[in-house]
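Student: structure, please.
(one chain, ligands or ions: 1)
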Amino acid sequence: MAIQRLDRLLSDAHGVSRREAKALLRAGRVTVNGVPERDPERKIDTSCDTVAADGTALDLRPFRYYMLHKPAGILSATEDRTQKTVLELLPPEARRPGLAPVGRLDKDTTGLLLLTDDGTLAHTLISPKRHVPKVYRALLDAPADAGMAAAFAAGLILGDGTRCLPAVLEPICGGARITVYEGKYHQVKRMCAACGRTVTALHRERFGALTLDAALAPGQWRELDAAELDALRQGCTGKTDCAPL
Ligand code: URA
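Tutor: Reported below is the predicted structural model:
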């Protein structure tokens, strides 16, 4: 349950300044649960109250959660002076203050990217203590084999001495399906390099409890549904197992 002052809620949910929100209220253009309301200090319970301005119901959800099929060639960043970022793939009405990708995919990596303005959940999902699984499909310049899978399972040491957590590698046609439980810089590419392979293409299929929606073409996005959001949150609390594929 989230309780908020009406003028603040109006300004956030309706995209107006606090002064404009107060003016709307004074003009009698705002209703709460269908009844006209003029008090800017009226406390609203966003879990059950409804608020409308000029007859249009406002979306009172405090945060947004988007699943994006990241295409190659786009930066996992909120802004960049020269290059296109994943936020630019969203229409203006979906962009909100604080909206950011949860973790990063390399510019040439494709696949599942979560974006949200819920900083607490984002922080939890990328915390190194949580070991949230990420599943990638990697195309390699040479076949993956049982030796490579064993090296991944034992916990690889990268070229610069960085030690990785045990990971799962399953050889597939043209490369490997790889599950890692941390998010080091260029992790999958460097792990494969430590085994003498070059990643020629990398695609993320899963992030925690989320699986990339096969109906999303590269560049397309959608909001998470309630079940996906619940599963994502549960995966963070350790209540359920985010088992690797
Ligand atoms: N590992 C990488 O090497 N690159 C990514 O984009 C994600 C994981």
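
Student: what comes into contact with the strand ranked longest in the chain?
Tutor: Longest strand of the chain, by residue count under DSSP state E: strand 199-207. When contacts are defined by CB atoms under 8 Å, 6 or more residues apart in numbering, strand 199-207 is touched by residues 70, 102-103, 105-106, 108-114, 125, 132-141, 175, 177, 188-189, 192-193, 211-212, 245. Just so you know, the C-beta spots here come from the backbone N, C-alpha and C atoms, and that holds for glycine as well.

Student: what pairs with it, parallel or antiparallel?
Tutor: The pairing partners recorded for strand 199-207 under DSSP bridges are strand 110-116 (parallel), strand 134-140 (antiparallel), strand 210-211 (antiparallel).

Student: as JSON lines, those strands with mean pLDDT, mean neighbour count and distance to the ligand would be great.
Tutor: As requested, those are exported to JSON lines (pLDDT from 0 to 100; neighbours: other CB atoms under 10 Å; distance: least, CB to the nearest ligand atom, whole Å):
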{"stretch": "strand 110-116", "mean pLDDT": "98", "mean neighbour count": "23", "distance to the ligand": "9"}
{"stretch": "strand 134-140", "mean pLDDT": "98", "mean neighbour count": "22", "distance to the ligand": "6"}
{"stretch": "strand 210-211", "mean pLDDT": "98", "mean neighbour count": "20", "distance to the ligand": "15"}
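
Student: give the burial count for D45, as a bare number.
Tutor: By other CB atoms under 10 Å, the residues close to D45 number 11.

Student: tell me how far it lies from L6.
Tutor: Per CB to CB, to the nearest Å, D45 is found 11 Å from L6.

Student: enumerate the residues of the chain near the ligand.
Tutor: Contacts of the chain with the ligand, taken as CB under 6 Å from any ligand atom, map to L105, D106, T109, H186, Q187, V188, K189, L202.

Student: let me know the closest of these to R233.
Tutor: L105 (21.8 Å; CB to CB).

Student: show me where pLDDT drops low in the chain?
Tutor: Low-confidence segments of the chain (pLDDT under 70): 1, 236-245.

Student: which residue is nearest the centroid of it?
Tutor: In the chain, the centroid-proximal residue (CA atoms, centre = their mean) is L114; its distance is 1.8 Å.

Student: out of the residues of the chain next to the ligand, which are buried?
Tutor: Among the residues of the chain next to the ligand, those classed as buried by 16 or more other CB atoms under 10 Å are L105, D106, T109, Q187, V188, K189, L202.

Student: show me where this protein has its helices.
Tutor: Using DSSP state H, the helices of the chain run over 6-14, 18-26, 119-126, 146-154, 187-194, 226-237.

Student: which among those is found nearest to P218?
Tutor: Relative to P218, the nearest member of the helices of the chain by CB to CB is helix 187-194, separated by 18.9 Å.

Student: ok, residues contacting the closest one?
Tutor: Residues from elsewhere that reach helix 187-194 (CB under 8 Å, 6+ apart): 106, 136, 138, 140, 151-152, 156-159, 162, 164, 167, 176, 178, 180, 184, 198-199, 202.

Student: try it again with 7 Å
Tutor: Under the contact criterion CB atoms under 7 Å, 6 or more residues apart in numbering, helix 187-194 has outside partners 136, 138, 140, 152, 156, 158-159, 164, 167, 178, 180, 198-199, 202.

Student: what angle sits between that helix and helix 146-154?
Tutor: 130 degrees (axes from the mean of the first three to the mean of the last three CA atoms, to 10 degrees).

Student: right, and L87 touches T78 too?
Tutor: Yes: counting by CB atoms under 7 Å, L87 touches T78, with 5.4 Å between them.

Student: more neighbours, those two?
Tutor: More neighbours surround L87 than the other of L87 and T78, with 20 against 15 (other CB under 10 Å).

Student: who touches that one in this structure?
Tutor: Contact analysis of L87 by CB under 7 Å, 6+ apart lists T78, R95, L99.
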